[in-house]
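Participant: I'd like to go over a predicted model; first the sequence, then the structure.
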Amino acid sequence: MQKIISIVGKKAVFYILLAVPVSMPYICSADGGNSAKPKLILQITVDQLRGDLPGRYKKNMGEGGFRYLMEKGIWYANAHYSHSNTETVVGHTTLATGAIPAVHGMVANVWFDRDTGKLAYNIEDNRYHILTAGADVDKSTEVDSSQALASTDGRSPANIISSTFSDELTLYTNGGAKIFAVSVKDRGAVTLAGHTGKAFWFSKATKEFITSSYYYDQYPQWVSEWNTEKNYERYGGTAWELLLDKSTYMMAANDDAPWEADVAGFGRTFPHKYGEVSGKNFGNYLTFSPAGDELTLDFALALLESEDLGQDDITDFLAISFSTTDYVGHLFGPSSLEAEDNMLRLDRTLAKLFAAVDKKVGLNNTLIVLSADHGGPEAPGYNESFGIDSGYVSPDTWDKKPAIARLKKKFGLGRELIKKFYPPYLYLDRELIKEKGLDQGEVEKAVARELMAIKGVALAVSSTAMAKNELPDTELNRSALRNFCAKRSGDILVLFQPHYFINDYDGEIVAANHGGPWRYDSFVPIVFAGAGIEQKTIYREVNPVNIATTLAAITGTKPPSGSHGAPLQEVMDDM
Ligand SMILES: [Zn+2]
C-alpha cells in the first residue's frame, strides 16, 4: 500500500502534502525590486464567496466594484483550499497565516477541549473580555451555532499557533505599521488582525462594533463616536428590498424555494423586513442582509480616516471580512434571488470602499487582495431539481443500535466509548479506552468502519492512523491530514459524500452548509488589484496559502512562521 508519509523525513512530508512548488525563488521582492512598497494593503475576505459567484452574477453589476477587480486585477480563477474542514475560522486563519490548519491549529470553528471537558469556540479566551457591557452573544437569539457555544465573552488570537502576515509586518517595521481588522464575525476579524493588530467585530446585541481587552483598555474615541451615532437605526422599520427590477435577475423565479430557511419575522421572500430597532432579532436580521456589510463598510471607512492609514512610507494593513454572503448562502443557498441581490449589493459596497481608499490613499498606492474563507454547496433541493443526487445528513436519526452492539461485542464497551460528536470530529473516551486496556487505534478503526457504513458518509478517518502514517495516499486522506492537529483534532474525522451535509445544529436548520473537502467548498476567488497590477486571468491551480507568502515577499518581511508555498509569480512580476 502506498503511504502518504513514506520513509521520507518529516520536512519532506509537508512538501508532499501541499503539492506546491517549493523551489520557486522570491524573484522580485519589494526590497530587491524596482517599485515602492504599497502604502496600504487592503485584504478583503468575503465569507462563503464561492469562486464562480462573482462571474455568475456579473451581468447586473455596476462599475468600480467587482468589475474593477475583474477588469484591472489579477484574477486567479482556479484557487482551492486543500484542507478538509472548510469552515470559517479555518479558512480565515489560513488566509492570515499562509499555513494549513494542521500547522496553524485552527482545525474547526468548534473543538472539544479535553482539558476542560467542554466544547471550545475557536477564539474564545476568558482572560480578555469584551469592553462593552451587554455586547456578548445573546444565546437566546444567536443564530451562529458555533459562536453560541462560547462559554465566555472573552476573545483573543491566542489559539492561533503560527504567526500571521500582519504579525510579520509589525515585526518587520518595529511596530511602525498600523494593523487593523474589521468584520461582523469576531473570528473574521481576530484571525486577520493576528497577534499584533487590532480587531473589531459586530455585536448583534448592541449593534455596535466592539473589541476585547486583548486589544484595548478602552475604545479609541473615534470608535465610541461611531457607536454613539447608532448607524444601524437607519434600517429600523425598513426592509431588504431588491436593488433592481425583479425581471432582470437570473434567479427571479427562485425567491420562494421550499428549501430556503423561513426565519421568523424575516421570511424567505422579498421584502425581508428588519422590524423595529428594539426587536430582539433586529441585530440578526441586519447580518442576514446586505445591511451587515454596509455597516462593516461604514465602520471600516471611519477607521481608515481616523487612524490615517496609508499616509507614509510604512505599509499599513487593513483587513475587512464581509460576512453577509455567508449568512445568505446558509439561509437561502447560493442560487437564490437573495444570493443574487446580495452579490449586487456587495458589488456596490466594494465600489464605495475602493472609491474611498482611492481618495484617501490612492489605488495606485494600495494593494488590494480579495478572497474567501471557503466556498459553499448548493441547497440539496436545488441540485435535486436538476436530477443531481443530494441531501441532508441527520446523525440524530441514525439507527446506532446495531453498530453499538457490534462494538460492545468486540471491546466490551459500546456507547460509552464515544465522548462527543461535533462535526467534523468524533471524540472517543481515551481515558476509558486506556483504563480497559484497549488499543486506541483499534477502537478508532472499528468505530470508523461503522461510520463508513452509514449512507451519506464518504470517509471516516482515524487520527491514530493519520499519526502513524497508515493511510493510503489519496487526495481525500491528504485533505484530512492537512486538517490534523494532534492537540485539537478529534479521534475520527467524518467526511460526507459530495452534495450531502448536516443542516441541523440543535434545531437551527439551514438550506446549505459548507465544511467538506469537495470542490464547491474549496473553491474561492483570489484577486490582486491596485498598486501597478495589470489585468490577467490565471487558470493554473493556486492555494490561498500563497496569499500570505505573496504579501510577505512584496513587503520584504519574512514569511509567516507556518506558511507554505511560493509567492504568486504573476503578482510579483507586476510589483
Ligand atoms: Zn465562513
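Facilitator: Looks like it came in fine. Residues are numbered from 1 along each chain as shown.

Participant: going along the chain, name the helices of the stretch 1-150 of the chain.
Facilitator: 10-18, 53-56, 66-72, 88-97, 101-104 (DSSP state H, counting those that start in this stretch).

Participant: oops, could you answer that again for the stretch 301-450 of the chain instead?
Facilitator: With DSSP H, counting those that start in this stretch as the criterion, the stretch 301-450 of the chain has helices at 324-332, 337-360, 380-385, 401-411, 430-435, 440-452.

Participant: before we move on, the earlier item: out of the helices of the stretch 1-150 of the chain, which is closest to residue 377?
Facilitator: helix 53-56 (12.5 Å; CB to CB). Yep, even glycine has a C-beta here, placed from its N, CA and C like the rest.

Participant: quick revisit: just name the most buried of the helices of the stretch 1-150 of the chain.
Facilitator: Among the helices of the stretch 1-150 of the chain, helix 88-97 has the highest mean neighbour count (mean count of other CB atoms under 10 Å), at a mean of 30.

Participant: tell me the angle that one makes with helix 324-332.
Facilitator: 160 degrees (axes from the mean of the first three to the mean of the last three CA atoms, to 10 degrees).

Participant: near the ion, anything from helix 88-97?
Facilitator: Yes: for helix 88-97, a contact with the ion is found by CB under 5 Å from the ion, at residue 88.

Participant: summarise which helices and strands that helix is packed against.
Facilitator: Here helix 88-97 touches strand 40-46, helix 101-104, helix 165-172, helix 186-193, helix 545-555, going by 3 or more CB pairs under 8 Å, 6 or more residues apart in numbering; DSSP states H and E.

Participant: for the stretch 51-200 of the chain, which residues are neighbours of the ion?
Facilitator: So far as CB under 5 Å from the ion goes, the stretch 51-200 of the chain lies against the ion at residue 88.

Participant: do you know how far residue 333 is from residue 473?
Facilitator: Per CB to CB, to the nearest Å, residue 333 is found 35 Å from residue 473.

Participant: okay, the two: which has more neighbours?
Facilitator: Shown here are residue 333 and residue 473; by other CB atoms under 10 Å, residue 333 has more neighbours (27 against 14).

Participant: what's the pLDDT at the residue in the stretch 351-500 of the chain positioned nearest to the ion?
Facilitator: In the stretch 351-500 of the chain, the residue that lies nearest the ion is residue 373 (4.4 Å; CB to the ion). Residue 373 carries a pLDDT value of 98.

Participant: contacting residues around it?
Facilitator: 45, 47-48, 87-88, 90-92, 94-95, 188, 321, 524 (CB atoms under 8 Å, 6 or more residues apart in numbering).

Participant: ok so, going back, most tightly surrounded among the helices of the stretch 301-450 of the chain?
Facilitator: Comparing these by mean neighbour count (mean count of other CB under 10 Å), helix 324-332 comes out on top with a mean of 27.

Participant: that one to strand 40-46, inter-axis angle?
Facilitator: For helix 324-332 against strand 40-46, the angle by the same axes, to 10 degrees is 0 degrees.

Participant: please verify my assumption that residue 503 contacts residue 511.
Facilitator: Yes: contact status for residue 503 versus residue 511: in contact at 7.1 Å, counting by CB atoms under 8 Å.

Participant: so which of those two has more stuff around it?
Facilitator: residue 511 (27 against 21).

Participant: got a list of what the more buried one touches?
Facilitator: Residue 511 makes contact with 257, 259, 260, 261, 330, 331, 332, 333, 336, 379, 381, 503, according to CB under 8 Å, 6+ apart.

Participant: quick one: it from residue 439, how far?
Facilitator: Residue 511 sits 42 Å away from residue 439, going by CB to CB.

Participant: for the closest residue to residue 491 other than its chain neighbours, grab the count of nearby residues.
Facilitator: Excluding the flanking residues, the one nearest residue 491 by CB to CB, 6 or more residues apart in numbering is residue 428, at 4.5 Å. When counting by other CB under 10 Å, one arrives at 24 neighbours for residue 428.

Participant: what does this structure have sitting close to the ion?
Facilitator: Counting by CB under 5 Å from the ion, the positions of the chain adjacent to the ion are 47, 88, 326, 373.

Participant: what's the first one in contact with, if anything?
Facilitator: Spelled out, that is residue 47. Residues near residue 47 by CB under 8 Å, 6+ apart: 88, 185, 188, 321, 322, 323, 324, 325, 326, 372, 373.

Participant: can you pull the contacts of the first one?
Facilitator: Going back to what we said before, that points to residue 88. Residue 88 is in contact with 47, 109, 146, 185, 187, 188, 326, 373, 374, counting by CB under 8 Å, 6+ apart.

Participant: ok, residue 240 to residue 289 distance?
Facilitator: For residue 240, the distance to residue 289 equals 4 Å [CB to CB].

Participant: need the overlap of contacts for these two.
Facilitator: Overlap of the contact sets of residue 240 and residue 289 (by CB under 8 Å, 6+ apart) consists of 272, 274.

Participant: reformat the helices of the stretch 301-450 of the chain as CSV; add distance to residue 394 and mean pLDDT.
Facilitator: Formatted as CSV, those follow (distance: least, CB to CB, whole Å; pLDDT from 0 to 100):
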stretch, distance to residue 394, mean pLDDT
helix 324-332, 17, 98
helix 337-360, 25, 98
helix 380-385, 12, 97
helix 401-411, 16, 96
helix 430-435, 27, 97
helix 440-452, 14, 97
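
Participant: any idea which of the helices of the stretch 1-150 of the chain gets closest to residue 531?
Facilitator: Among the helices of the stretch 1-150 of the chain, the nearest to residue 531 by CB to CB is helix 66-72 (10.8 Å).

Participant: so which elements touch the closest one?
Facilitator: On a contact count with 3+ CB pairs under 8 Å, 6+ apart, helix 66-72 meets helix 53-56, helix 337-360, strand 523-529.

Participant: could you give the separation of that helix from the chain centroid?
Facilitator: For helix 66-72, the separation from the chain centroid amounts to 23 Å (computed by CA atoms, centre = their mean, to the nearest Å).

Participant: got a list of contacts for it?
Facilitator: 54-55, 58, 61, 75, 346-347, 350-351, 354, 368, 370, 527, 529-530, 533-535.

Participant: circling back to that earlier point, with respect to the ion, which of the contacts of residue 511 is nearest?
Facilitator: Closest approach between those and the ion, by CB to the ion: residue 330, at 9.2 Å.

Participant: quick check: the residue of the stretch 451-575 of the chain nearest the ion.
Facilitator: residue 514 (7.1 Å).

Participant: helix, strand or coil: sort out that residue for me.
Facilitator: Classification of residue 514 by DSSP: H, G, I helix; E, B strand; the rest coil places it in coil.
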